[in-house]
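Novice: Show me how the following folds:
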Amino acid sequence: MTTIRAIAAAIVAAFLVLAGPGLAQDARYGEQKVVYHINFDGGEAARPYMTALGNVRNHINAVGRENITARVVLHGDGVHLLRDARDNPDLQQRVLDMRAQGVKFLVCRNTLTGRDIDYEWDLFEVFEEDIVPSGVAELSHLQQQGYTYVRP
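Specialist: From the prediction side, this is the model:
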C-alpha cells in the first residue's frame with residue numbers, strides 16, 4: 001500500500017511539473033472577481049496604460065482565465081487609454097488581447113459628456129454596452145457585487 005501511495009504521489013508531482021505553473025496557481029487563488037480603476041493619463045507612448053494592462057494580464061495568468069471575471073473602469077483621463085489605442089498599435093493589441101480573455105472595459109458617460117467625446121469616433125472599439133453612467137459609481141457598484149478593487 002505504501003508503494004502505491006508513493007507511485008501515486010510521484011505521478012501527481014510529475015503532472016504538476018509538466019502542466020506548468022498555471023495549474024498549480026489556479027488551485028492557490030481560486031475564482032476571483034476584480035475591477036481595475038484607471039483614471040490617469042497615459043503620458044508619452046502610453047507607458048502607464050501599457051503597465052496597467054500588463055498588470056491585468058499578469059493577474060489573469062496567475063489565476064487562470066477560467067477563474068477570473070475582470071473589469072477595467074475608465075473615467076477622467078483614463079478614458080484616454082481607448083483614445084490613444086486608436087493610433088497606438090501596441091496599446092490596441094493589448095486591449096484586444098484583454099478583451100479576448102473576457103476583460104470588459106467600462107467607460108464613464110459623465111466623462112464622455114463633460115469632455116465632448118464621441119465614443120464611436122474618438123475611442124477604440126467602444127460600444128453602447130461598454131458605457132456606464134458614472135465611472136466612480138460603477139466602481140462602488142462592482143465592489144458591492146464582490147469585485148476586488150485594484151488601482152494599478
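
Novice: Test my guess that residue 98 contacts residue 72.
Specialist: Yes. Under the criterion of C-beta atoms under 8 Å, residue 98 makes contact with residue 72 at 7.3 Å. C-beta: built from backbone N, CA, C; applies to glycine.

Novice: Spatially, what comes nearest to residue 63 if we skip its sequence neighbours?
Specialist: Of all residues not flanking residue 63 in the chain, residue 29 sits nearest, at 4.6 Å (C-beta to C-beta, 6 or more residues apart in numbering).

Novice: hmm, back to that, so for residue 98 and residue 72, which residue has more residues nearby?
Specialist: residue 72 (25 against 19; other C-beta atoms under 10 Å).

Novice: roughly how far apart are residue 74 and residue 65?
Specialist: Residue 74 sits 22 Å away from residue 65, going by C-beta to C-beta, to the nearest Å.

Novice: Neighbour count for these two, which is higher?
Specialist: residue 74 (27 against 14).

Novice: Show the contacting residues for that one.
Specialist: Counting by C-beta atoms under 8 Å, 6 or more residues apart in numbering, residue 74 makes contact with 38, 39, 81, 82, 105, 106, 107, 108, 111, 135.
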